[in-house]
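J.: Below is the sequence, then the predicted model.
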Amino acid sequence: MHSFVAGHNLTKLNLSFAFLSVRNLNPMPTLTSLTLESTILEDKHLNKLNKCFPNLQFLKLVDVIGLKDPKIHLLNLQTCHWVVYGYQPSLTLITPNLITLRIECKHSTAIHVEAPMLSHYHLRLNTGRHVAAIFTPKSFENLKTLWLDSFYIGSLLSEFPITKTVQNLTLDSEHEAVLVKESKLTLRKVFMVFPNVSSLCINSGAWLKLEACWNPED
């Protein structure tokens, strides 16, 4: 087990394949960039991380083990990349200055995002079952670019709130014959949720699911 490296003037920290204890961790106000990959972290709700690294602007968490209903609450965070391989009931981000967000999950997860400045959002949810109740967003008032990637892309669209600010939209999905038959993806649904899209990219997997539901009258 290791404790976080202490350093009053440290601005960037990358750690991989570690077992980290936050016991006796002192605040590191100068740290602006933190990356944790394939790491066990004894801070299940991320309370200590939020408290000790208040000025983080960049945060990347990849396969961090030991979390339960984690909440990122960082007022200065601008870029976040969060990859979750194990099951988490919920993920929460309260980040008033966040601009770029990428979330990748292997299991259905309730995702709560409060990020009124968010402009770029890449969401990948390759879950093993239908997407259900994944969003409880407060606002996406400035969201311009959105990339949605899911086995159940049609269901994902149904869960996403109507967002009039999105201009650039990419839809992606894995190639699965069974899932194509269960597709709920239609152009009508796309433009109902994102009525002001000016650039639409539909990658091959999502295109197959769109064709499966194609209705010339839609």
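T.: Great, that's in hand.
J.: drop to CA atoms for contacts and neighbour counts, all remaining ones
T.: Fine.
J.: what separates residue 41 from residue 94, distance-wise?
T.: Distance of residue 41 to residue 94, computed by C-alpha to C-alpha, to the nearest Å: 20 Å.
J.: what about these two, which has more around it?
T.: Neighbour totals were compared for residue 41 and residue 94, and residue 41 leads with 21 against 18 (other C-alpha atoms under 10 Å).
J.: Name the nearest residue to that one, sequence neighbours excluded.
T.: Leaving aside its chain neighbours, residue 41 sits nearest to residue 20 (5.0 Å; criterion: C-alpha to C-alpha, 6 or more residues apart in numbering).
J.: Now do the one you found against residue 192, distance only.
T.: Distance, residue 20 to residue 192, using C-alpha to C-alpha: 46 Å.
J.: Name the residues of the helix or strand harbouring the residue nearest to residue 41 that are buried.
T.: Using DSSP states H and E, residue 20 falls within strand 19-21. For strand 19-21, the neighbour count (16 or more other C-alpha atoms under 10 Å) marks 19, 20 as buried.
J.: so after that strand, what's the next helix or strand?
T.: Beyond strand 19-21 toward the C-terminal end (DSSP H and E), the next one is strand 33-42.
J.: pLDDT (mean, whole number) over that following strand?
T.: Regarding strand 33-42, the rounded mean pLDDT is 95.
J.: Can you list the strands that it pairs with?
T.: In the sheet, strand 33-42 lines up against strand 12-16 (parallel), strand 19-21 (parallel), strand 58-65 (parallel) (DSSP bridges).
J.: Specify the beta-bridge partners of the residue lying closest to residue 114 once chain neighbours are set aside.
T.: Ranked by C-alpha to C-alpha, 6+ apart and with sequence neighbours excluded, the top spatial neighbour of residue 114 is residue 94, at 4.8 Å. Under DSSP bridges, the beta-bridge partners of residue 94 are residue 73, residue 114.
J.: How about the contacts made by residue 94?
T.: Each residue near residue 94 by C-alpha atoms under 8 Å, 6 or more residues apart in numbering is listed here: 71, 72, 73, 74, 75, 113, 114, 115.
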